[in-house]
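S.K.: for reference, the sequence and a predicted model appear below.
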Amino acid sequence: MSDVEEAITQAHHAEWARVVAALTRRFGDLDIAEEAAAEAFATAVARWPADGVPPNPGAWLTTTANHKAIDRIRRENKRDDKHKEAQMVYDDDPPEPLGVIDDERLRLIFTCCHPALAIETRVALTLRMVGGLTVPEIARAFLVQETAMGQRITRAKAKIKAARIPYRVPSAEDLPARVSGVLAVLFLVFNEGYLATGPDTDPVRHELTAEAIRLTRLIRVLLPDDGEVAGLLALMLLTEARRTARVSASGELVPLDQQDRGAWDAALVAEGHQLVRERLAAGVAPGRYQILAAINAVHTSARDVRDTDWSQVVALYDQLIRVDPSPIVALNRAIAVAELDGPEVALAAVDRLEDKLAAYHAFHATRAELLRRLGRSQDARTAYDKAIELAGNTAETAHLTRRRDQLG
């Protein structure tokens with residue numbers, strides 16, 4: 001990647017939310033804001049390699065996006081009051097009060113996670129507008145078709161416009177009603193960074209995991225008594241601690257049982273364990289993120305994979321499936337069951353999920369590994385082929401290909 005390409009990538013990550021927020025406040029239209037911001041970044045891709053990176057990339061992008069929005073409004077020749085407002089390239093209105101949230105990106109996430117929208121809809125919309133994830137990346141996170149996700153985001157914007165849902169910075173009283181959606185957004189942003197779903201990105205995107213952790217820490221300060229906030233932060237820290245051990249020097253994904261545990265970040269592990277202990281001591285029924293954090297605490301407590309307390313892991317998954325009875329949780333539980341009760345029992349549980357997870361690469365990768373352990377090499381090869389076809393992460397594809405080819 002050239003210096004200019006890296007500058008554009010960094011600017012997109014740092015400035016996307018700010019530019020979209022500024023344009024939304026000015027023009028009152030999410031579609032105009034998002035499309036103008038996208039056009040501004042496309043212009044940067046075309047011009048910066050020849051003209052050089054401007055001294056203030058953020059100001060350049062904001063100004064360019066404003067011009068793009070003005071041009072679109074003029075072309076459409078709609079909304080006279082918006083047209084008049086669009087004559088001003090710079091917003092001279094006094095800034096709106098920041099409210100209880102100081103961080104601009106986090107403020108925008110809370111603003112977009114309006115409770116009038118269904119939870120999945122607000123999460124998808126916020127991932128697109130604020131997280132900067134593409135529609136294909138969001139679709140893969142929700143295990144739905146790209147066209148369906150695009151329609152979902154379009155309908156969300158239409159509902160905001162039709163219902164005149166205000167683009168308003170939330171107050172302290174608003175936070176508890178919105179925090180579940182915000183946590184879901186940050187969890188999915190973190191996941192996309194920890195194991196990128198697209199073939200055209202780095203397999204691990206540290207800028208996304210670092211930003212998700214940073215914002216979750218800020219929420220922890222705002223809502224120190226919220227157990228799920230603490231649970232999500234612990235989950236992220238314990239997962240991030242293993243990041244440098246997850247991809248080999250050759251660019252291949254390294255599974256948990258083969259990782260060099262000495263390469264894990266001991267400070268992050270210790271902080272994550274402390275948060276898990278605090279939640280256990282609270283004596284309150286845990287939610288989804290707290291249980292996931294506890295599962296990761298069991299894994300990161302074992303000095304060797306052979307020391308893993310698999311009975312405890314399965315028990316935690318039993319608890320999790322009562323809180324979150326999703327097929328992905330059932331799939332992960334089956335992986336733990338394979339270590340406790342053997343691959344045959346686990347395979348039977350996995351096969352029951354086929355109608356719900358047939359388009360999910362991890363379902364086929366799990367089947368492949370279980371079939372391999374049972375000595376069913378031809379069936380394993382078929383399952384590997386399907387997993388490779390569906391997987392987008394280059395490091396994961398390399399690992400699956402090698403495992404398949406080892407079958408002979």
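M.R.: Cool, got the structure.

S.K.: mean confidence score for the helix or strand in which Val45 is found?
M.R.: Counting by DSSP states H and E, the element that carries Val45 is helix 30-51. With pLDDT averaged residue by residue, helix 30-51 scores 76.

S.K.: with stretch 112-128 instead?
M.R.: The average pLDDT within stretch 112-128 is 75.

S.K.: just how off-centre is it within its chain?
M.R.: Averaged C-alpha coordinates place stretch 112-128 at 14 Å from its chain's average position (Cα atoms, centre = their mean, to the nearest Å).

S.K.: can I get that stretch in CSV, CA atoms only?
M.R.: Once non-C-alpha atoms are left out, stretch 112-128 reads as follows in CSV (Å, rounded to 0.1, in the frame of the first residue of the first chain):
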residue,chain,number,x,y,z
CYS,A,112,-28.4,6.7,15.3
CYS,A,113,-29.4,3.8,17.7
HIS,A,114,-32.9,5.4,18.1
PRO,A,115,-35.3,3.1,19.9
ALA,A,116,-38.0,3.8,17.4
LEU,A,117,-36.2,1.5,15.0
ALA,A,118,-36.1,-2.3,15.4
ILE,A,119,-32.8,-3.4,17.0
GLU,A,120,-31.4,-5.2,14.0
THR,A,121,-32.4,-2.2,11.8
ARG,A,122,-30.7,0.4,14.0
VAL,A,123,-27.6,-1.8,14.3
ALA,A,124,-27.3,-2.2,10.5
LEU,A,125,-27.9,1.5,9.8
THR,A,126,-25.3,2.6,12.4
LEU,A,127,-22.7,0.1,11.1
ARG,A,128,-23.2,1.6,7.6
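
S.K.: before we move on, the earlier item: ok, then the element right after the helix holding Val45?
M.R.: Sequence order places helix 57-76 as the next helix or strand after helix 30-51, per DSSP H and E.

S.K.: can you give me how far that following helix is from the chain middle?
M.R.: Helix 57-76 has its C-alpha centroid displaced from the chain centroid by 28 Å (Cα atoms, centre = their mean).

S.K.: relative to helix 30-51, how tilted is it?
M.R.: 120 degrees (axes from the mean of the first three to the mean of the last three Cα atoms, to 10 degrees).

S.K.: restricting to C-alpha, output helix 57-76 in CSV.
M.R.: What follows is helix 57-76 as a C-alpha-only set of coordinates in CSV (Å, rounded to 0.1, in the frame of the first residue of the first chain):
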residue,chain,number,x,y,z
PRO,A,57,-7.5,15.8,5.1
GLY,A,58,-10.5,16.1,7.4
ALA,A,59,-11.3,19.7,6.4
TRP,A,60,-10.7,18.9,2.7
LEU,A,61,-13.2,15.9,2.9
THR,A,62,-15.8,18.0,4.8
THR,A,63,-15.6,20.8,2.3
THR,A,64,-15.7,18.5,-0.7
ALA,A,65,-18.7,16.6,0.8
ASN,A,66,-20.5,19.8,1.3
HIS,A,67,-20.1,20.8,-2.3
LYS,A,68,-21.3,17.3,-3.4
ALA,A,69,-24.4,17.6,-1.3
ILE,A,70,-25.1,21.1,-2.6
ASP,A,71,-24.7,19.9,-6.2
ARG,A,72,-27.1,17.0,-5.6
ILE,A,73,-29.8,19.3,-4.0
ARG,A,74,-29.5,21.7,-6.8
ARG,A,75,-29.8,18.9,-9.4
GLU,A,76,-32.9,17.6,-7.7
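
S.K.: how about it: buried residues?
M.R.: For helix 57-76, a neighbour-count test (16 or more other Cβ atoms under 10 Å) marks 57, 60-70, 72-73 as buried. C-beta coordinates here come from the backbone N, C-alpha and C atoms, glycine included.

S.K.: could you do stretch 358-371 as well?
M.R.: Within stretch 358-371, the residues that qualify as buried by neighbour count (16+ other Cβ under 10 Å) are Tyr360, His361, Ala362, Phe363, His364, Ala365, Thr366, Arg367, Ala368, Glu369, Leu370, Leu371.

S.K.: likewise for stretch 247-264?
M.R.: Counting neighbours by 16+ other Cβ under 10 Å, the buried set in stretch 247-264 is Val247, Glu252, Leu253, Val254, Gln259, Trp264.

S.K.: same check, this time on stretch 280-297
M.R.: Of all the residues in stretch 280-297, those buried under the rule 16+ other Cβ under 10 Å are Pro286, Gly287, Arg288, Tyr289, Gln290, Ile291, Leu292, Ala293, Ala294, Ile295, Asn296, Ala297.

S.K.: so the fifth one makes contact with Ala230?
M.R.: Yes: taking contact to mean Cβ atoms under 8 Å, the distance of 7.3 Å between Gln290 and Ala230 places them in contact.

S.K.: joint contacts of these two?
M.R.: Contact criterion Cβ atoms under 8 Å, 6 or more residues apart in numbering; residues shared by Gln290 and Ala230: Arg279.

S.K.: tally of neighbours for Asn332?
M.R.: The burial metric for Asn332, expressed as a neighbour count using other Cβ atoms under 10 Å, is 19.

S.K.: now for the host helix or strand of it, which elements pack on it?
M.R.: When elements are assigned from DSSP H and E, Asn332 belongs to helix 327-341. In terms of contacts (3 or more Cβ pairs under 8 Å, 6 or more residues apart in numbering; DSSP states H and E), helix 327-341 is packed against helix 310-323, helix 343-351, helix 354-357, helix 361-373.

S.K.: and the first one, what does it pack against?
M.R.: In terms of contacts (3+ Cβ pairs under 8 Å, 6+ apart), helix 310-323 is packed against helix 288-301, helix 327-341.

S.K.: out of the ones you listed, the one nearest Ile153 is which?
M.R.: Taking Cβ to Cβ as the criterion, Ile153 comes closest to helix 327-341 out of these, the separation being 21.9 Å.
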